[in-house]
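Asks: Fold the following, please.
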Amino acid sequence: MRNVWTICQKELKSYFASPIAYLAMAMFAVIFGFFFWNVVAYFVEMSLQSQMMGRSFPMDVNEMVIRPLLMNTSVIGLFLIPMIAMRLFSEEKRSMTIELLLTSPLHDAEIVIGKWLAAMGLYATLLLISALDMAFLFAYGRPDWKPLLAGYLGLLLQAGALLALGAFISTLTKNQIIAGIVTFSVCLLLWVFEWVGGYETAAWAKVMAYMSVISHFEPFAKGVIDSKDAVYFLSLIFLGLFLSVRSLESLRWRS
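Replies: Model prediction:
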């Protein structure tokens, strides 16, 4: 476990020693800030119109503000996760430091898990930025905090799954651009697979719809933690990390 933590710390330092972390944080802050301002402004406008029309039912902050923001955050992750994952191993291969890692007294699983945890740490930092905006909702309103925590758990699980797959893709090439493009393509496909279920009812269509990350994230955004959705994300995490370890093992044999 100490070796994993050492790799994680080294990788986090490398993120913040380069423009990647600051660029990702700046992009996320601007985009999420716009979404937050837009959704809250719409909520306030609808509330005022409701009062002017004499409607007495309360507006649901969780349903009209928090849930759309969580879904938007999930979309933002599709673009930022490839930026985070693309350098995990591609940079090591490009700078020829991968040999040092492979010949060090570290297990392949320790290297992979350490780098994956560092990527998760950077993504969690992005979510903390969004939490600062969410805090205003609690300062001026009374939303239910439990669905919000469930939503953030879903965001972390989704990011963990996509980052694990991105880590595997990063082990296959030394070109960060290629790793980023392929990772984004895989993330996008896993997002849009659900569309097939909208017009096709065959067994293969149901399988594709089940493979979609959005179909498993939506319950979290609603505040529902379902074991089958958690198992789906954990299975993808295990698959991505397992393939990454096996890919590193193949590099050892080739070297």
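Asks: Output the below-cut-off pLDDT ranges for this protein.
Replies: 54-59, 102, 197-198, 252-255 (pLDDT under 70).
Asks: Let's check: the centremost residue of it is which one?
Replies: A159 (2.3 Å; CA atoms, centre = their mean).
Asks: What strand or helix carries the closest residue to M64 other than its chain neighbours?
Replies: Nearest residue to M64 in three dimensions, chain neighbours excluded: F43, at 5.1 Å (CB to CB, 6 or more residues apart in numbering). Placement of C-beta: from N, CA and C, glycine included. Counting by DSSP states H and E, the element that carries F43 is helix 19-52.
Asks: Please apply the same query to L12.
Replies: Going by DSSP H and E, L12 is part of helix 2-17.
Asks: relative to helix 2-17, how tilted is the helix holding F43?
Replies: 80 degrees (axes from the mean of the first three to the mean of the last three CA atoms, to 10 degrees).
Asks: For helix 19-52, buried residues please.
Replies: Within helix 19-52, the residues scored as buried using 16 or more other CB atoms under 10 Å are 20-21, 24-25, 28, 31-32, 35-36, 39-40, 43.
Asks: repeat for stretch 213-230
Replies: 213-223, 225, 229-230.
Asks: returning to what we had before: not counting sequence-adjacent ones, nearest residue to the residue nearest to the centre of the chain?
Replies: Using CB to CB, 6+ apart, the nearest residue to A159 is Y123, at 4.7 Å.
Asks: what's the neighbour count on that neighbour?
Replies: Residues lying near Y123 (other CB atoms under 10 Å) number 24.
Asks: Regarding it, what is its secondary structure?
Replies: Using DSSP: H, G, I helix; E, B strand; the rest coil, the structure places Y123 in helix.
Asks: just checking, it touches Q158?
Replies: No: assessed by CB atoms under 8 Å, Y123 is found out of contact with Q158, at 9.8 Å.
Asks: picking up where we left off before, which among the buried residues of helix 19-52 gets closest to A135?
Replies: Proximity of the buried residues of helix 19-52 to A135 (CB to CB) peaks at F36, which lies at 11.0 Å.
Asks: counting contacts, what elements does the helix holding F43 pack onto?
Replies: Under the contact criterion of 3 or more CB pairs under 8 Å, 6 or more residues apart in numbering; DSSP states H and E, helix 19-52 touches helix 67-85, helix 108-140.
Asks: So for the longest one, what gets flagged as buried?
Replies: Residues of helix 108-140 classed as buried: 108-120, 122-123, 125-127, 130, 133-134, 137 (neighbour count, 16+ other CB under 10 Å).
Asks: same question, stretch 87-95
Replies: 87-93.
Asks: JSON lines please, covering these and showing distance to A167 and secondary structure.
Replies: Supplementary listing: the buried residues of stretch 87-95 in JSON lines, determined by distance: CB to CB, whole Å; DSSP: H, G, I helix; E, B strand; the rest coil:
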{"residue": "R87", "distance to A167": "10", "secondary structure": "coil"}
{"residue": "L88", "distance to A167": "5", "secondary structure": "coil"}
{"residue": "F89", "distance to A167": "7", "secondary structure": "coil"}
{"residue": "S90", "distance to A167": "10", "secondary structure": "helix"}
{"residue": "E91", "distance to A167": "12", "secondary structure": "helix"}
{"residue": "E92", "distance to A167": "11", "secondary structure": "helix"}
{"residue": "K93", "distance to A167": "13", "secondary structure": "helix"}
